[in-house]
Structures are given as structure tokens and as C-alpha cells.
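[1] Please find the sequence and the predicted model below.
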Amino acid sequence: PKENKPMNQTPLSPDTFAPLFHAVFRANHLESYTKPAIVDKFRALTDRLLAVNAVMNLTALNTPEKIIPLHYADCALIADRIPAGATVADVGCGGGFPTFPLAILRPDLHITAIDSTGKKIKYVEETAQLLDLANIRAVTARAEELGRDAAWREQFDLVTSRAVARLSLLDELCLPLCRVGGALLLLKGAAGLEELDEARAGIRRLGGGEAVGETLTLDTLTDREARTLITVPKVEPTPREFPRQFGQIRKRPL
Ligand code: SAM
């Protein structure tokens, strides 16, 4: 859509990007993530995102004023919650969220970005290369198909996902990929706790344990928005009959 196009394609100036980035991250108690090398990577990511977004629909957010709080700080809320050196699957990564913020903030992680749309995965792959983020690999696939494949099933220490599906569906996409002893770490909006109540029985059937929902506040500098972080420990192997085909998951959530 036309209104998605940035006003111009000239690279962002460090003089305007960095102060904005600092202000947003400071407002969200993320100041430990504002070292110059980190800010520089996010600036390069923003340049790339805005340039590609002009020709391909990656995000509805089309200015640094929106992208920094609503994509970067939002995803950074989970950055310090992932164990050192973990293998991470990002289910439905789209334009690379939370894949890119996590890869920049946590170079120790090994992130596999998964999306069913090939051109988004191509963008993620090329952008990772451009930004020199060697800790990202990207795969075009449906999560529930990988979950049925022995090479992928229960292989990840941590599975994350943002803005992909209701929790009562998302649990069946994510839990099969997570190893026993690992966890899901899911970014949800204001209604996350209600989604969790609705999903608890299904989570148990899929091998999940007692899930915890936490309400956080995202400060956008113009507003304060509620977010829910949902942590689901994987305590038992997922029964063989799961995940089902997506049509079944959608029609009859567990
Ligand atoms: N996570 C990104 C974010 O927060 O900006 C993208 C969110 S976008 C609204 C949802 C993405 O999930 C789309 O790119 C879609 O292709 C992908 N997706 C939906 N269902 C999927 C599935 N079953 N397996 C893999 N990807 C899926």
C-alpha cells in the first residue's frame, strides 16, 4: 500500500537515530542494550527494513519513531530471559521479529527463523548476511510440518513467537519443536492472560507444564501499552498425534 512507503530512501542519520533509540530503550529499562555497536546494527536494520518495505509488505510501521518502540523495544523485553547459548526457534518470524532484535542483542544465541512465506525468509536471510549476523539461519516451512519431522521435532532449547496466532493454536505450532526441559517464550498483546486461561488444557496435552503469564508495560514515549509475556515449560514429550494438520488445529483447538 502507498501509505507504507517511506517519505525518502536516504539512509538514517546516526545523529537522529541514536538519540531516539536511547530514549526509547531507557524508558523501558533496556539501557544495557544501548552500546554504540548495537545501536548501529539497529540503524542498519531500520534502513534495510524501510527500503525493502517500500516494495514488499513487511510491516505497517514505517518510521523509526514507530519501529524503535513497537518492534525493537517490544522484542527486547524478552532478550534477558533466554539462557546463554540457547538454540532458539522463532515461529512465524515474518520480517524478522523477534529474530533480528534477539540476534543483535544476544550474539550467543543460535536462532532459526521459521516462516511459511518464502519471500519473507529470503528477506531475513539476506538481511542477516548484510548485517553480518552469523547467528541466524532461516527456513521456509510451516511450523506444524517441522514439528512432525524427526530432524526438527523437540530440537530447540527455546521457542519464541510474536503476532502469529491465538495461544490455543500457537501452542500446537510451538510445543512440538521444543525439547523437554526447554520452554516457550511468547510475546502477546494486552489479552494474553485470557488467551492463557483458554489454552491451559491444550498446553498440558502437548507436554507443556504450568504456564506463567506476566503483564509488562511497553513505553512508546507517546503512550504506555500493555504486553503479556507467556512462559511455558516443556515437561514431557509431545504425544505422537501432535501437531495435527493446520486445518484441524484451527477447527478444533485442543
Ligand atoms: N513475528 C513477526 C512479527 O512479530 O512482526 C511476524 C508476524 S506476521 C503477523 C505472522 C507471520 O506468521 C506471517 O509471516 C506468516 O507467514 C507466519 N505464519 C503463520 N502461520 C504459520 C505457520 N503455521 N508456520 C510458519 N509460519 C507461519
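    Received it, and whenever you're ready, just let me know what you need. Since we're looking at a predicted model, the values are computed, not measured. Numbering: from 1, shown residues only.
[2] how far away is Ile68 from Gly95?
    For Ile68, the distance to Gly95 (CB to CB, to the nearest Å) stands at 15 Å. C-beta: built from backbone N, CA, C; applies to glycine.
[3] Could you do Phe21 as well?
    When Phe21 is compared with Gly95 (using CB to CB), they lie 18 Å apart.
[4] more crowded one of the two?
    Phe21 (25 against 20; other CB atoms under 10 Å).
[5] Would you check that that one makes contact with Pro36?
    No: counting by CB atoms under 8 Å, Phe21 does not reach Pro36; the two are 10.4 Å apart.
[6] Flag every residue of the stretch 101-250 of the chain that's near the ligand.
    Those residues of the stretch 101-250 of the chain that sit near the ligand, judged by CB under 6 Å from any ligand atom, are 114-117, 120, 142-144, 162-164, 173, 246.
[7] what residues does stretch 242-252 touch?
    Counting by CB atoms under 8 Å, 6 or more residues apart in numbering, the neighbours of stretch 242-252 from elsewhere in the structure are 142-144, 147-148, 169, 172-173, 175-176, 205-206, 254.
[8] Need the residue closest to the centroid of this structure.
    In the chain, the C-alpha nearest the mean C-alpha coordinate belongs to Pro98, at 2.8 Å (CA atoms, centre = their mean).
[9] Show me the strands in the stretch 151-254 of the chain, by range?
    Per DSSP state E, counting those that start in this stretch, the stretch 151-254 of the chain has strands spanning 156-162, 178-188, 212-219, 224-233. These are given in chain order.
[10] Dump those strands to TSV, plus distance to Leu130, mean neighbour count and mean pLDDT.
    Conversion of those to TSV gives the following (distance: least, CB to CB, whole Å; neighbours: other CB atoms under 10 Å; pLDDT from 0 to 100):
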stretch	distance to Leu130	mean neighbour count	mean pLDDT
strand 156-162	22	25	98
strand 178-188	25	21	98
strand 212-219	28	15	97
strand 224-233	29	18	98
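[11] give the contact list for Pro36.
    Under the criterion of CB under 8 Å, 6+ apart, the neighbours of Pro36 are Ala18.
[12] pLDDT value on it, please?
    Predicted confidence (pLDDT) for Pro36: 96.
[13] Contacts only, for the nearest residue to Glu225 once chain neighbours are set aside.
    Among residues not flanking Glu225 along the chain, Leu218 sits closest, at 4.7 Å (CB to CB, 6 or more residues apart in numbering). Counting by CB under 8 Å, 6+ apart, Leu218 makes contact with Asn28, Pro69, Leu70, Ala73, Asp74, Leu77, Arg224, Glu225, Ala226, Arg227.
[14] do you know how far Leu218 is from Asn28?
    Leu218 is 7 Å from Asn28, where distance means CB to CB.
[15] so what sits against both of those two?
    Counting by CB under 8 Å, 6+ apart, the shared contacts of Leu218 and Asn28 are Pro69, Ala73, Leu77.
[16] Neighbours of the closest residue to the first one other than its chain neighbours, how many?
    If you skip the residues right next to it in sequence, Pro69 has Thr220 as its closest partner in space, 3.9 Å away by CB to CB, 6+ apart. Applying other CB under 10 Å, we find 17 residues neighbouring Thr220.
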